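Novice: Dropping the sequence and predicted coords here.
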Amino acid sequence: MASPAAEGSYRPERTHLVQLVLHSKKALQHGEQLCSRARAISVESAQTAVDVLALDAKVRWITNAVTEQLKLAASVAKILVSKRTLLENEAKSWDTIRSQRTGALDSVLDSLGSQVVPPDFYLSSPVSSLFGSQHGSDDERDDSQPNGSVAGFRPSQSPTETLRGVLHNGVSGSHRQRTGVNDRSKWKTLRDFVDEQAIEDMLESLEADRSVLDDMMARTSDYPETLVGTISVIQNSLPPPLSVPDMTEVFNAQESMSADMANDLQSLLQHYDQMAQALHENEAGEEFSDADLQVMNRDTDELPAIIVDLEKNMTSIDESHQRLLSAKKSAQEHLASQRGTLNDLEELADIVAEMLERQDLVQDECREHLTQLVHKMSTIEELHHRYTSYQYSYNKLVVELVRRRKYMEGAARIVQGMSSELRTMVEEEQQLRNAFNEAHGEYLPVDVCLSIANMPTRWQVIPTSDELEETSPEIDVDILSEALSRVSTTEGALSASQSL
């Protein structure tokens with residue numbers, strides 16, 4: 001305990017007490033600075049936290065909006081794919097039908113190529129040539145026709161029209177001048193009378209038109225891939241989710257550390273008050289024992305530890321504040337990068353609108369061109385029907401010519417029989433008249449019945465109106481059998497062709 005002392009006397013402990021008070025005051029001031037700074041940081045942290053939450057909300061809102069817009073753009077890419085797929089399927093359907101029809105046409109042409117035509121059908125007189133559109137080969141050509149030409153032939157005349165003309169005019173075999181008639185390897189086939197160059201030109205034109213359709217479709221072929229790629233670029237440019245500190249945890253920690261600093265500051269204040277009071281009492285004459293001074297020294301020695309504790313808490317508060325500042329900076333960077341993303345998204349919207357517009361335009365053009373292709377492809381079916389009818393009519397012609405030959409032979413037999421009978425009757429009549437004249441002629445006056453001496457009229461059966469005698473080519477039995485077989489099989493194909 002302190003004991004009273006004479007006023008104004010000098011004591012060594014007074015100097016020591018002054019130093020203790022100065023240390024305590026300095027520690028108190030340092031503690032107050034630390035607490036003041038910690039309080040300012042806490043206030044600033046609160047505002048920073050508000051800014052971080054606001055920025056995070058903006059970033060998340062923009063990210064969600066951009067994601068939704070990218071989903072819409074992805075759906076547009078799917079629409080573009082579906083529209084293109086629809087066009088491709090229509091083009092494939094057209095290709096399938098074309099393949100079927102060209103295959104059917106090739107089958108008809110192959111069938112025509114497998115059926116030979118007797119030379120009598122195309123090596124004949126100008127008025128009766130079945131296939132005047134074709135020149136004979138060197139060993140088949142009629143020497144009476146220069147350059148193998150046939151009078152009266154019209155280049156535009158179709159095979160069936162030629163057949164109808166022959167049925168009207170008939171066929172004559174009297175003008176044939178050829179070699180190797182029985183060598184069927186040198187005979188022409190029905191296909192030799194087909195203008196295959198015109199067919200080839202038509203098919204090449206159709207293929208060229210099909211290539212035009214491919215070129216039209218190719219104008220937008222890369223749209224889906226380009227759009228998906230742009231969407232991926234924008235998607236990848238989006239910043240990763242913002243890492244926002246747990247505000248409750250931050251502020252609870254700051255509050256706890258602020259409370260600890262307040263307690264430490266209170267301890268510094270109490271110690272300073274005690275030291276100041278002790279100095280005041282010492283100046284008033286009180287003396288302190290060594291034990292009292294030791295306690296004062298021990299308390300003063302504990303001041304640096306309290307300061308360290310204050311500094312540690314203040315550093316922790318500042319670190320939590322720095323976390324908030326870092327989060328705020330990161331949020332600001334996210335927001336700045338998203339402005340560029342929004343610009344890209346706006347450009348993407350313009351691109352999508354332009355893609356849809358061009359796709360619709362190309363689709364309309366492709367459909368119009370497809371309609372034209374469908375119309376032009378009917379030419380293949382017309383050719384199929386034409387040459388099926390051509391083969392059918394030829395086989396019917398073979399049958400008809402055989403029938404006509406039978407008719408001609410029957411008529412010839414009748415004419416020959418009638419001529420023979422008339423000749424016999426004339427001879428018999430002549431004998432009877434000669435016998436009569438010999439028996440009674442010398443007794444009859446000359447001027448009585450002058451016609452009694454006439455011979456019987458001789459008769460000759462000939463075509464009327466100066467018409468030429470009708471002729472018909474000889475047709476082998478196997479050719480007739482083949483024609484009859486093909487007539488029955490071709491009728492079904494011809495009916496199907498007509499229905500198409």
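Specialist: Now that the structure is in, tell me what you want to look at.

Novice: In three-state terms, label Leu123 for me.
Specialist: coil (DSSP: H, G, I helix; E, B strand; the rest coil).

Novice: so where's the stretch 401-500 of the chain uncertain?
Specialist: Applying pLDDT under 70 to the stretch 401-500 of the chain flags the ranges 492-500.

Novice: And the strands in it, which stretches?
Specialist: Under the criterion DSSP state E, counting those that start in this stretch, the stretch 401-500 of the chain carries no strands.

Novice: can you pull out the helices in it?
Specialist: 477-499 (DSSP state H, counting those that start in this stretch).

Novice: Equivalent analysis for the chain, please.
Specialist: Ranges of helices in the chain, per DSSP state H, are 12-113, 159-169, 196-218, 223-237, 247-283, 290-301, 303-440, 477-499.

Novice: mean pLDDT for the ones you listed: which is lowest?
Specialist: Among the helices of the chain, helix 159-169 carries the lowest mean pLDDT, at a mean of 45.

Novice: how about the helices of the chain, which one is nearest Leu450?
Specialist: Closest approach to Leu450 among the helices of the chain (C-beta to C-beta): helix 303-440, 12.6 Å. In this view, the C-beta of every residue, glycine as well, is placed from N, C-alpha and C.

Novice: Now do that closest one: distance to the chain's middle.
Specialist: 13 Å (C-alpha atoms, centre = their mean, to the nearest Å).

Novice: Mean neighbour count and distance to Arg458 added to the helices of the chain, as TSV?
Specialist: Formatted as TSV, the helices of the chain follow (neighbours: other C-beta atoms under 10 Å; distance: least, C-beta to C-beta, whole Å):
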stretch	mean neighbour count	distance to Arg458
helix 12-113	16	52
helix 159-169	17	32
helix 196-218	13	58
helix 223-237	16	97
helix 247-283	16	142
helix 290-301	13	177
helix 303-440	16	6
helix 477-499	14	40
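
Novice: how about the ones you listed, which one is nearest Val461?
Specialist: That would be helix 303-440 among those, by C-beta to C-beta, at 4.8 Å.

Novice: How about the contacts made by Val362?
Specialist: Going by C-beta atoms under 8 Å, 6 or more residues apart in numbering, Val362 touches 216-217, 219-220.

Novice: Then Leu310?
Specialist: Contacts of Leu310 by C-beta under 8 Å, 6+ apart are 30-31, 34-35, 261, 264-265.

Novice: that older thread, output the helices of the chain as JSON lines; include the columns distance to Arg184.
Specialist: JSON lines is the format used below for the helices of the chain (distance: least, C-beta to C-beta, whole Å):
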{"stretch": "helix 12-113", "distance to Arg184": "14"}
{"stretch": "helix 159-169", "distance to Arg184": "20"}
{"stretch": "helix 196-218", "distance to Arg184": "21"}
{"stretch": "helix 223-237", "distance to Arg184": "61"}
{"stretch": "helix 247-283", "distance to Arg184": "104"}
{"stretch": "helix 290-301", "distance to Arg184": "136"}
{"stretch": "helix 303-440", "distance to Arg184": "15"}
{"stretch": "helix 477-499", "distance to Arg184": "10"}
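
Novice: How much space separates the closest residue to Leu55 other than its chain neighbours from Pro240?
Specialist: Leaving aside its chain neighbours, Leu55 sits nearest to Ala331 (3.5 Å; criterion: C-beta to C-beta, 6 or more residues apart in numbering). To Pro240, Ala331 is 12 Å away according to C-beta to C-beta, to the nearest Å.

Novice: Phi and psi next, for Asp222.
Specialist: phi -90, psi 0 (degrees, to the nearest 10).

Novice: Centroid-nearest residue for the chain?
Specialist: Nearest to the geometric centre of the chain sits Glu88, at 3.6 Å (C-alpha atoms, centre = their mean).

Novice: mind listing what that one touches?
Specialist: Met217.

Novice: Run a quick check on Thr63 versus Gln235, I expect a contact.
Specialist: No: look at Thr63 against Gln235 with C-beta atoms under 8 Å: they stay out of range, at 10.6 Å.

Novice: Regarding Glu470, what are the backbone dihedral angles?
Specialist: Taking degrees, to the nearest 10 as the convention, Glu470 sits at phi -70, psi 140.

Novice: Confirm for me that it is in contact with Tyr407.
Specialist: No: in terms of C-beta under 8 Å, Glu470 does not count as a neighbour of Tyr407; the distance is 9.1 Å.

Novice: from what I can see Asp309 touches Ala262, true?
Specialist: No: taking C-beta under 8 Å as the definition, Asp309 is not a contact partner of Ala262, at 11.9 Å.

Novice: From Asp215, how far out is the closest residue to Ile475 other than its chain neighbours?
Specialist: Closest residue in space to Ile475, ignoring its immediate chain neighbours: Val402 at 5.6 Å, by C-beta to C-beta, 6+ apart. Distance, Val402 to Asp215, by C-beta to C-beta: 55 Å.

Novice: Check Leu206 too.
Specialist: Distance from Leu206 to Asp215, by C-beta to C-beta: 15 Å.

Novice: Next one: Ser481 relative to Glu68, how far apart?
Specialist: 79 Å.

Novice: With Leu123 instead?
Specialist: In this view, Leu123 and Glu68 are 83 Å apart by C-beta to C-beta.

Novice: likewise Asp215?
Specialist: For Asp215, the distance to Glu68 - C-beta to C-beta - is 37 Å.

Novice: got it, and Glu255?
Specialist: For Glu255, the distance to Glu68 - C-beta to C-beta - is 40 Å.

Novice: now swap in Leu432 and tell me
Specialist: Using C-beta to C-beta, we find Leu432 at a distance of 126 Å from Glu68.

Novice: can you check Gln33 too?
Specialist: The separation that Gln33 has from Glu68, given C-beta to C-beta, amounts to 52 Å.

Novice: got it, and Val194?
Specialist: As judged by C-beta to C-beta, Val194 and Glu68 stand 65 Å apart.
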